[in-house]
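Undergrad: I'll drop the sequence and a predicted model, then ask my questions.
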Amino acid sequence: MSVLQVNTINEVTSANGVTIDGLSLKDGNVVPANGKGIDFSAVTSGGNFTADSNLLDDYEHGDFEIVLSGSTSGTLTLHSTYKYGTYTRIGNLVHVNGYANVDGAGSANGNIMLNLPYPTSNNTKYKASGSAHLWSVNSEVGAFLIVEGSSTAMLVNFTYSGINNTNFSGNEEIAFALTYNVD
């Protein structure tokens, strides 16, 4: 015969929903307490992991304004309508993509950098790269985005030299996709 056990649950009911041990049910949504999430450690086997490495504690998606700046100074002048991208963050992984129309080189000096919606990981082993495509009326160039600093990715061409303000005179377009790690 089984023994029925009853545990005490701290439950708070209010206009904001029901909260049980830090987990809230509000307006049909499950809302974990700050710093908490879905813990997958029970279903993970093998490998080097910690309890924190198996916790999904962040999800967000949205739009961001694209800023292409010179590595030493200034920015490219972008068309007012075509300078937005989207991002999705799941845990510590961020995927960005976007499209911009470059009206002119503006005051950009040095290699062209893409400002990212989240700072990149401080851990150097998580540097990332993505793809980009530049085109104008007379030419097309495939390019890479290489994560360079804490909040930027540098545009480089296939010979790994930087793309700089001299590559942009006006009426160029750029499309890109990049996935990178954050802390």
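TA: It's in.
Undergrad: Convert the C-alpha atoms of the longest strand along the chain to CSV, please.
TA: As assigned by DSSP state E, the longest strand anywhere in the chain is strand 77-90. Extracted C-alpha coordinates of strand 77-90, given in CSV (Å, rounded to 0.1, in the frame of the first residue of the first chain):
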residue,chain,number,x,y,z
THR,A,77,24.9,57.0,-44.2
LEU,A,78,22.0,54.5,-44.5
HIS,A,79,18.6,55.0,-46.1
SER,A,80,16.0,56.0,-43.5
THR,A,81,13.7,53.1,-44.4
TYR,A,82,16.1,50.3,-45.1
LYS,A,83,18.3,50.0,-42.0
TYR,A,84,16.6,47.5,-39.7
GLY,A,85,17.4,44.0,-38.7
THR,A,86,15.8,41.3,-36.5
TYR,A,87,17.3,39.3,-33.7
THR,A,88,16.4,36.2,-31.7
ARG,A,89,18.1,35.3,-28.5
ILE,A,90,17.7,31.8,-27.0
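Undergrad: Mind giving me the packing neighbours of it?
TA: Contacts defined by 3 or more C-beta pairs under 8 Å, 6 or more residues apart in numbering; DSSP states H and E place strand 77-90 against strand 59-65, strand 93-104. The C-beta positions use only the backbone N, C-alpha and C, and glycine is treated the same way.
Undergrad: Any buried residues in it, and which?
TA: 77-78, 83, 85, 87, 89 (16 or more other C-beta atoms under 10 Å).
Undergrad: before we move on, back to that, compare the helices and strands packed on strand 77-90 and give me the one nearest Thr72.
TA: strand 93-104 (17.9 Å; C-beta to C-beta).
Undergrad: So what touches that closest one?
TA: Judged by C-beta atoms under 8 Å, 6 or more residues apart in numbering, the contacts made with strand 93-104 from elsewhere in the structure are 64, 66, 68, 76-79, 81-89, 116-118, 130, 168-182.
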